[in-house]
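Novice: Provided below for reference: sequence and predicted model.
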Protein chains: 2
Amino acid sequence: MTTVLKLGGSVITDKAQPETLDEANLARAVDAVADHDEPLVLVHGGGSFGHHHASQHGLSDTTGSHDPEAALAVHGAMGELNDAVVSALNECDVPALPIHPLSAGARDDAGEFAFATDSVKTLLAEGFVPVVQADVIAHAGRGVTIMSGDELVAVLAEHVEADRVGLCSGVPGVLDSDGDVIDRIASFDAVAEALGGSDATDVTGGMSAKVRTLLGMETPAWVFGIDGLKGFLDGESPGTKIRTDG
Amino acid sequence: MTTVLKLGGSVITDKAQPETLDEANLARAVDAVADHDEPLVLVHGGGSFGHHHASQHGLSDTTGSHDPEAALAVHGAMGELNDAVVSALNECDVPALPIHPLSAGARDDAGEFAFATDSVKTLLAEGFVPVVQADVIAHAGRGVTIMSGDELVAVLAEHVEADRVGLCSGVPGVLDSDGDVIDRIASFDAVAEALGGSDATDVTGGMSAKVRTLLGMETPAWVFGIDGLKGFLDGESPGTKIRTDG
């Protein structure tokens, strides 16, 4: 049973303080991962490490830069967060090793992402836990652009033929317009209104885009908060289950 | 005109002192690269950063480890050297970005190396200078093993269709048994005796293995010392030229 788990930037960092970990949540996440003994690929978002550098330099997944200082600011801050996650895991005997998408992938001029996963797949088969950071990546014609944790999750789930995908997020699941957790999502149309409509600006902290990405995968996915993480890794179904075949 | 240039670990580090740069040689190398305005991929060896961790943990290109501490010791030290090279280049307005082979490649169980170079090729096309470190990489059945700078040079030269390859080394070229620089090498047999014989232990600081690797490439290669670097980048032919077609 292979799992791809994303630790959201809003979970493991304090988004109110630049480049600050949420030590308590990171420790809870590490404990849950340390109790899990099946193949696992971790992905983490940017939180207060990556986002302010990205916005300061005007970078997004489509707007790029040829300024190496912009690329190094995001890549360096994300590398520090990655180091912190990898170190915390190794201190609890999880054999975690870092993966930097800037070294491993690129977008072509149509924006299509090619991500080499020989490294991730071989590390996984050898018993390591690859820890993949959100990052800048080379983008044909645009210099470098942002590669988000959510996009990495979708690509990695396909490459490693994951059985389950988990997004540990700052909220306990995908919320409806009353703020209640939606139990299951099988199509975007059914929840479009609750998520602000399919054409609306994404005011839900990226949840609308997340749901769309997860619905595009063949692997069943769950969105849950830090309280649901241990249960998810134990095979339970916390938060919102997202699967097109219901 | 695309060039792949390796800065040897014995050039840019002080091999007598653990994890110490040779600041003077690094500054000379950066100056030479800053004057070069055509596509360039840099590779660097381990020197006093990588080698002692590799030998301490018994790692080589064939002997691996499943201990994440061993992998992280080599990878972390090489990352520090890579950071120093990338920073020094950017301070002289060379748009250098880091590439970590651990993220980008792996060896299969026959030892064959698959290295994804979409990233390097796209960065190059976008005007950046990728700086690729010698590293640990995942190795099927063996955990992680060492990927040397020389092996990376050969793979990268092929992937980026390099016109010229340069190995800036601790010696002014490939030396014969009298210690004089051999001008040209077109086959291994012609120099095997000077290099200690084809079956001998490689007591020449790896030069015998380097020559064999370079003779296996389609691209012409030069081996030279730091004094030859500027000339090499200006299109001259310093040190030893290695090319099978003479």
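Specialist: Ah, there it is.

Novice: okay, angle between the lengthiest helix in chain A and helix B:68-91 too, please.
Specialist: If each helix of chain A is counted by residues according to DSSP state H, the longest one is helix A:68-91. Relative orientation of helix A:68-91 versus helix B:68-91 (axes from the mean of the first three to the mean of the last three CA atoms, to 10 degrees): 170 degrees.

Novice: any residue of helix A:68-91 up close to chain B?
Specialist: Yes: judged by CB under 8 Å from any CB of the partner chain, helix A:68-91 and chain B are in contact via A:68-69, A:71-72, A:75, A:86, A:90. Heads up, the C-betas are built off the backbone N, CA and C, glycines and all.

Novice: buried residues of that helix, list them for me.
Specialist: Buried residues in helix A:68-91, defined by neighbour count with 16 or more other CB atoms under 10 Å in any protein chain shown: A:68, A:70-79, A:81-86, A:88-90.

Novice: which one of the residues of helix A:68-91 next to chain B sits closest to chain B?
Specialist: Minimum distance to chain B across the residues of helix A:68-91 next to chain B is 4.1 Å, recorded for residue A:68 (CB to the nearest CB).

Novice: sorry, back to before: need the next SSE after the longest helix of chain A, C-terminal direction.
Specialist: Towards the C-terminus, the helix or strand next in line after helix A:68-91, according to DSSP states H and E, is strand A:96-99.

Novice: show me how far that next one is from its chain's centre.
Specialist: Here strand A:96-99 is found 15 Å from its chain centre; the criterion is CA atoms, centre = their mean, to the nearest Å.

Novice: could you point out which element follows it?
Specialist: helix A:101-104.

Novice: the next helix or strand after that following helix close to chain B?
Specialist: Remark: after helix A:101-104, the chain's next helix or strand is strand A:105-107, criterion DSSP H and E. Yes: for a cut-off given as CB under 8 Å from any CB, strand A:105-107 has contacts with chain B, namely A:105-107.

Novice: can you give me the buried ones in the least confident helix or strand in chain A by mean pLDDT?
Specialist: Counting by mean pLDDT, DSSP states H and E, the weakest-scoring helix or strand in chain A turns out to be helix A:188-191, with a mean of 86. Of the residues in helix A:188-191, those scored as buried under the neighbour-count criterion (16+ other CB under 10 Å) are A:188, A:191.

Novice: just the CA coordinates for that helix, please, in CSV.
Specialist: What follows is helix A:188-191 as a C-alpha-only set of coordinates in CSV (Å, rounded to 0.1, in the frame of the first residue of the first chain):
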residue,chain,number,x,y,z
PHE,A,188,-16.9,19.3,-9.2
ASP,A,189,-20.4,20.4,-10.2
ALA,A,190,-21.9,19.0,-7.0
VAL,A,191,-19.7,21.3,-4.9
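
Novice: count the neighbours of the closest residue to chain B within chain A for me.
Specialist: Evaluated by CB to the nearest CB, chain A has residue A:116 as its residue closest to chain B, separated by 2.7 Å. Applying other CB atoms under 10 Å in any protein chain shown, we find 23 other residues in the vicinity of residue A:116.

Novice: got it, and residue A:217?
Specialist: Burial measure for residue A:217: 19 neighbouring residues, criterion other CB under 10 Å.

Novice: and the pLDDT for it?
Specialist: Reported pLDDT at residue A:217 in the predicted model: 92.

Novice: how about residue A:123?
Specialist: Spelled out, the predicted local distance difference test score at residue A:123 is 98.

Novice: under a three-state scheme, what state does the nearest residue to residue A:120 once chain neighbours are set aside occupy?
Specialist: Residue nearest to residue A:120 in three dimensions, not counting chain neighbours: residue A:130, with 4.7 Å by CB to CB, 6 or more residues apart in numbering or on different chains. Under DSSP: H, G, I helix; E, B strand; the rest coil, the three-state class of residue A:130 is strand.
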